[in-house]
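[1] I would like to see how this sequence folds:
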Amino acid sequence: MLTEGGMDHPGRYWQKLDDGRIQCDICPRQCRLHNGQRGLCFVRQADDDQIVLTTYGRSSGFCIDPIEKKPLNHFLPGTPILSFGTAGCNLTCKFCQNWDISKSREFDRLTETATPEMIARAAKAHGCRSVAFTYNDPVIFLEYAVDIAQACREMDISPVAVTAGYVLPEARTEFFQNMDAANVDLKAFSEKFYKKICGGKLESVLETLEYLRHETDVWFEITTLLIPGENDSSEEVHHMSEWIMEHLGADVPLHFTAFHPDWKMRDISHTPHSTLNRARQIALAAGIRYVYVGNVHDKSGSSTYCHQCGELLIGRDWYELSDWNLEQEGNCIKCGTKCPGKIEQHPGNWGAKRIPVSL
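    Numbering: from 1, shown residues only. The predicted structure follows:
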């Protein structure tokens, strides 16, 4: 039973080792823990010879956002999404922009307590078409996220994951079987960056992207935060774009977003707007059809255009939709070409509002 403080919940994807430790098999770290120890994510713990999730039913708070803020530009445009996170993370990104949540070791920050059914009902009551697991990576609270996703689907609410995709194959299958959409952070396109800056492996993330594209019906988009001097070279962006074209295809939207100094990388300057535009042009030239810039005011770079005739399909001014030239659930009004994604005949009208809510 879920109590006021949440509860420890039996975890999945673990094995007991010959030396008595418990190995967590959620993510590629495969933390090997003695009873009482927590993994690097800080929320999965060895207890009584099993793995338990210590944050089941606990949240850092709820907020209604525009879905474009996730960012998702091709999934129910203009609609509100109920967003929330818990605590902890299985990567150690030095530039984390949600570090107060993802790096938290203080469970008293988790002020909201909610069952999966409470979250689904709240989304429905507030007119949200979807629920986002965001702010910290939902892979580490898989059991809670899956239960919420199933409760949401029963009420025709779409589960959405904002994730780094750092997850092992067996857990990955269950997790994404319960998601309708995802935004995957592709932090960079070098193993050196992942090891030095994130404490992870690029290869595992690329495997997740290929899995999503070829083995699921999950609509997904990719985001890369460009950090000056770290992952923003033309050569790296070109190689990443070529890989996306070869392995995922032209229709997976790609977002380049601006870095601002945070967490342990406060000595690096903001990403110049020109860097985002350069990266966008490289990706477009490589053949990716839908490339966006974010965290800056750029109406052109935030808008969606028909890849066939160039018609402006969805105009965006920050998170406000300014133009809508689509008909019949996503066809270009000029040439009839289908714009990929989950796009209905009429857009939502949520706009840029961000409203905290209490359950």
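[2] can we go C-alpha only for contacts and neighbour counts from here?
    Fine.
[3] how many neighbouring residues does Leu33 have?
    23 (other CA atoms under 10 Å).
[4] swap that for Thr79, sorry
    Neighbours of Thr79 using other CA under 10 Å come to 20.
[5] now it: how far from Ile343?
    Per CA to CA, to the nearest Å, Thr79 is found 11 Å from Ile343.
[6] for Asp180, same thing?
    For Asp180, the distance to Ile343 - CA to CA - is 13 Å.
[7] again with Tyr56
    33 Å.
[8] how about the helices in the stretch 51-200 of the chain?
    99-102, 116-125, 142-154, 169-177, 191-193 (DSSP state H, counting those that start in this stretch).
[9] what element comes up after the shortest one heading to the C-terminus?
    Yep, that's helix 191-193 we're talking about. Counting by DSSP states H and E, the next helix or strand C-terminal to helix 191-193 is helix 202-215.
[10] any buried residues in that next one, and which?
    Leu202, Ser204, Val205, Leu206, Glu207, Thr208, Leu209, Tyr211, Leu212, Arg213 (16 or more other CA atoms under 10 Å).
[11] repeat that for stretch 33-42.
    Buried, per 16+ other CA under 10 Å, within stretch 33-42: Leu33, His34, Asn35, Gln37, Arg38, Gly39, Leu40, Cys41, Phe42.
[12] now, among the residues you listed, which is nearest to Leu312?
    Cys41 (42.7 Å; CA to CA).
[13] count the residues that sit near Gln281.
    Gln281, neighbours per other CA under 10 Å, totals 16.
[14] against which helices or strands is the host helix or strand of it packed?
    Assessed by DSSP H and E, Gln281 sits inside helix 273-286. Identification of packing neighbours for helix 273-286 by 3 or more CA pairs under 8 Å, 6 or more residues apart in numbering; DSSP states H and E yields helix 234-247, strand 254-258, strand 291-294.
[15] what about 6 Å?
    Based on contacts counted as 3 or more CA pairs under 6 Å, 6 or more residues apart in numbering; DSSP states H and E, there is no element that helix 273-286 packs against.
[16] what mean pLDDT does it get?
    Taken as a whole, helix 273-286 has a mean pLDDT of 98.
[17] just give me how far it sits from the chain centre.
    Relative to its chain's centre, helix 273-286 lies at 22 Å (CA atoms, centre = their mean, to the nearest Å).
[18] again with stretch 224-232
    18 Å.
[19] helix, strand or coil for Gly301?
    Judged by DSSP: H, G, I helix; E, B strand; the rest coil, the three-state class of Gly301 is helix.
[20] who's in contact with it?
    Tyr292, Val293 (CA atoms under 6 Å, 6 or more residues apart in numbering).
[21] let's see 8 Å
    Taking CA atoms under 8 Å, 6 or more residues apart in numbering, we find Gly301 in contact with Asn277, Val291, Tyr292, Val293, Gly294.
[22] who's the nearest residue to Gln97 once chain neighbours are set aside bridged to?
    Distance criterion CA to CA, 6 or more residues apart in numbering; nearest residue to Gln97, sequence neighbours excluded, is Asp262 at 6.1 Å. Assessed by DSSP bridges, Asp262 has beta-bridge partners Met265.
[23] quick one, what contacts Asp262?
    By CA under 8 Å, 6+ apart, the neighbours of Asp262 are Phe95, Cys96, Gln97.
[24] of these, closest to Gly11?
    Cys96 (26.2 Å).
[25] give me the below-cutoff pLDDT ranges for the chain.
    1-7, 98-112, 263-264 (pLDDT under 70).
[26] walk me through the domains of it.
    Using automatic domain parsing, the domains assigned to the chain come out as 7-55, 56-357.
[27] the buried residues of stretch 33-42 into CSV, with extra columns for secondary structure and distance to Lys70?
    Below are the buried residues of stretch 33-42 laid out as CSV (DSSP: H, G, I helix; E, B strand; the rest coil; distance: CA to CA, whole Å):
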residue, secondary structure, distance to Lys70
Leu33, strand, 34
His34, coil, 37
Asn35, coil, 37
Gln37, coil, 33
Arg38, strand, 29
Gly39, coil, 27
Leu40, coil, 25
Cys41, coil, 22
Phe42, coil, 24
